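Visitor: what follows is a predicted structure for the sequence shown.
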Amino acid sequence: MPSCCVVPGCSGRGSYRFPSNKNICLKWRIALCREDDNGSLWRPSLNSVLCGKHFKPEDFRVPRQTQASGRGKVYRHLKQNAVPSLFPWSKALHTYGSKK
């Protein structure tokens, strides 16, 4: 069962664990704009996950249907270099300047 998404303000259920590649993991951490209590860059736990809402369609590999389920369920797998970029605050920033 997926855990809650660690993105501030998101109530989604997470399926995507932080990457083991240190450089990509750091990019994810920076993208989250999240700090620890002491003001340093937040560090995810082994159970920290993000939901798919924070990734663009091009961040996913071509979906394939699983034969095992027999129901044709589609699993979306992230590309190795994918970095989350869709956040509640990025929408607010984007729409703020467009209303004049």
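Guide: Looks like it came in fine.

Visitor: P88 against G12, yeah?
Guide: No. At 10.7 Å, P88 does not count as touching G12 under the criterion of CB atoms under 8 Å. The way it works is simple: take the backbone N, C-alpha and C, and place the C-beta from them, glycine included.

Visitor: which residues do these two both contact?
Guide: Common neighbours of P88 and G12 (criterion: CB atoms under 8 Å, 6 or more residues apart in numbering): none identified.

Visitor: and N81, how far is that from I24?
Guide: Noted for N81: a distance of 6 Å to I24, by CB to CB, to the nearest Å.

Visitor: and F60, by the same measure?
Guide: 15 Å.

Visitor: following the longest helix along the chain in sequence, what is the next regular element?
Guide: In the chain, taking DSSP state H as the definition, the longest helix is helix 22-32. Counting by DSSP states H and E, the next helix or strand C-terminal to helix 22-32 is strand 49-50.

Visitor: neighbour count winner among N81 and I24?
Guide: I24 (16 against 11; other CB atoms under 10 Å).

Visitor: show me the contacts for the more buried one.
Guide: So I24 contacts Q80, N81, V83 (CB under 8 Å, 6+ apart).

Visitor: does L86 touch K53 like I think?
Guide: Yes. With contact defined as CB under 8 Å, L86 reaches K53; the gap is 6.4 Å.

Visitor: any regions of the chain where pLDDT drops low?
Guide: 1-2, 63-73, 90-100 (pLDDT under 70).

Visitor: what about the closest residue to C51 other than its chain neighbours, distance to P84?
Guide: Distances taken as CB to CB, 6 or more residues apart in numbering put G12 closest to C51, at 3.3 Å, once the chain neighbours are dropped. According to CB to CB, G12 stands 12 Å off from P84.

Visitor: nothing else from me, thank you.
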